[in-house]
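K.L.:
sequence? don't have it. structure:
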C-alpha cells in the first residue's frame with residue numbers, strides 16, 4: 001500500500017488530523033516527531049515541517065529517505081495575494097515558485113540555479129483528488145486552483161503584497177514552505193500536492209487574529225479535507 005505523508009508547518013494546523021490517527025507510533029528524527037499510524041484505513045506519516053523553506057525541505061527529504069513515502073500532502077494556511085482570494089477561501093496548488101529566489105544576473109529572477117526552472121508543478125492527479133476532497137468536505141468554501149508562492153518572510157504589509165502582485169500577477173497565495181517541498185519532491189519523483197486555507201490577505205492586518213483563525217477554522221478544515229482525500233485515493 002502506498003504510504004502517504006500528511007504535513008503542516010505548525011502544531012495548531014495539524015492538531016485535528018493527529019487527533020483522528022489510530023495506532024500512533026512516534027519516531028523522533030532531526031528534532032522532529034514523525035507519527036506513523038492509520039487514518040481512514042490508510043498507512044500515513046504525519047509530521048510538522050516547522051516553518052520556512054530549509055526546515056520544510058529537510059522534513060520532506062526525511063519522509064522520502066527514511067519512511068519511503070510516495071505521496072506527500074501539505075495542509076495549512078496561507079496569505080491571499082490575488083484580489084479574488086479572500087479570507088476563508090481554500091487554494092489547491094497547481095504549481096509553486098520561490099518568490100525570494102534571485103540569483104541574477106547569473107540566472108533569471110525566480111529561477112532555481114542549475115535546474116532551468118522557476119515553477120515546480122504539483123502532481124496533477126493528486127491535486128485533482130485534493131480539489132475534489134475540498135468540494136466534498138467544504139461545499140460552502142470558495143475553491144481556487146493555481147500558483148502558490150513561498151519565501152522565508154512572513155509578508156504582512158500592503159506594500160510588500162502589492163509589489164509581489166505586480167511581478168507575479170497570477171499568484172493566488174503566499175506562504176513559507178510549499179515551493180521548497182515541491183523542489184525536493186521533483187528531485188525524487190514523489191507526488192506532491194498542497195491545500196491552503198486563506199488566513200489573511202498578506203497585508204497590514206495579516207498579524208491580526210492569525211492564531212485564532214488557525215484553531216477555529218484552518219485546523220478543522222484540514223481534518224475534513226484530509227479525511228475526504230484519503231477516502232478517495234486508490
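P.N.:
Thanks, I have it. Not measured: the values here are computed from a predicted model.
K.L.:
If you count neighbours, what's buried in the helix-or-strand element of the chain with minimal mean pLDDT?
P.N.:
Lowest on mean pLDDT, DSSP states H and E among the helices and strands of the chain sits helix 210-213, with a mean of 73. The neighbour-count criterion (16 or more other Cβ atoms under 10 Å) identifies 210, 213 as the buried residues of helix 210-213. The way it works is simple: take the backbone N, C-alpha and C, and place the C-beta from them, glycine included.
K.L.:
got the contact list for it?
P.N.:
Around helix 210-213, the neighbours that count as contacts under Cβ atoms under 8 Å, 6 or more residues apart in numbering are 12, 77, 87, 199-200.
K.L.:
can you list those residues in a markdown table and add distance to residue 152?
P.N.:
Shown next, in a markdown table, are the contacts of helix 210-213 (distance: Cβ to Cβ, whole Å):
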| residue | distance to residue 152 |
| --- | --- |
| 12 | 20 |
| 77 | 17 |
| 87 | 23 |
| 199 | 18 |
| 200 | 18 |
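K.L.:
Any chance of a ChimeraX selection covering the buried ones in the residues you listed?
P.N.:
The buried residues among these can be selected in ChimeraX (16+ other Cβ under 10 Å) with this line:
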select :12,77,87,199,200
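K.L.:
okay if I get the contacts of helix 210-213 as a markdown table plus secondary structure, distance to residue 116 and pLDDT?
P.N.:
Formatted as a markdown table, these follow (DSSP: H, G, I helix; E, B strand; the rest coil; distance: Cβ to Cβ, whole Å; pLDDT from 0 to 100):
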| residue | secondary structure | distance to residue 116 | pLDDT |
| --- | --- | --- | --- |
| 12 | helix | 38 | 76 |
| 77 | strand | 31 | 90 |
| 87 | coil | 36 | 89 |
| 199 | strand | 34 | 85 |
| 200 | strand | 34 | 79 |
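K.L.:
how close does the residue in the chain sticking out farthest from the centre sit to residue 167?
P.N.:
Outermost residue of the chain with respect to the C-alpha centroid, by Cα atoms, centre = their mean, is residue 105; its distance is 29.8 Å. According to Cβ to Cβ, to the nearest Å, residue 105 stands 17 Å off from residue 167.
K.L.:
And the strands in this protein?
P.N.:
4-8, 22-29, 32-39, 42-48, 71-80, 90-98, 119-121, 143-150, 171-175, 191-200 (DSSP state E).
K.L.:
These: which one's closest to residue 135?
P.N.:
With Cβ to Cβ as the measure, strand 143-150 is the member of these nearest residue 135 (6.4 Å).
K.L.:
mind checking how far the least confident helix or strand of the chain is from the chain centre?
P.N.:
17 Å (Cα atoms, centre = their mean, to the nearest Å).
K.L.:
got a list of what the nearest residue to residue 43 once chain neighbours are set aside touches?
P.N.:
Excluding the flanking residues, the one nearest residue 43 by Cβ to Cβ, 6 or more residues apart in numbering is residue 3, at 5.2 Å. Neighbouring residues of residue 3 by Cβ under 8 Å, 6+ apart: 43-45, 67-71.
K.L.:
Compare the residues you listed and tell me which has the most neighbours.
P.N.:
Using other Cβ atoms under 10 Å as the neighbour test, the contacts of residue 3 are led by residue 69, with 25 neighbours.
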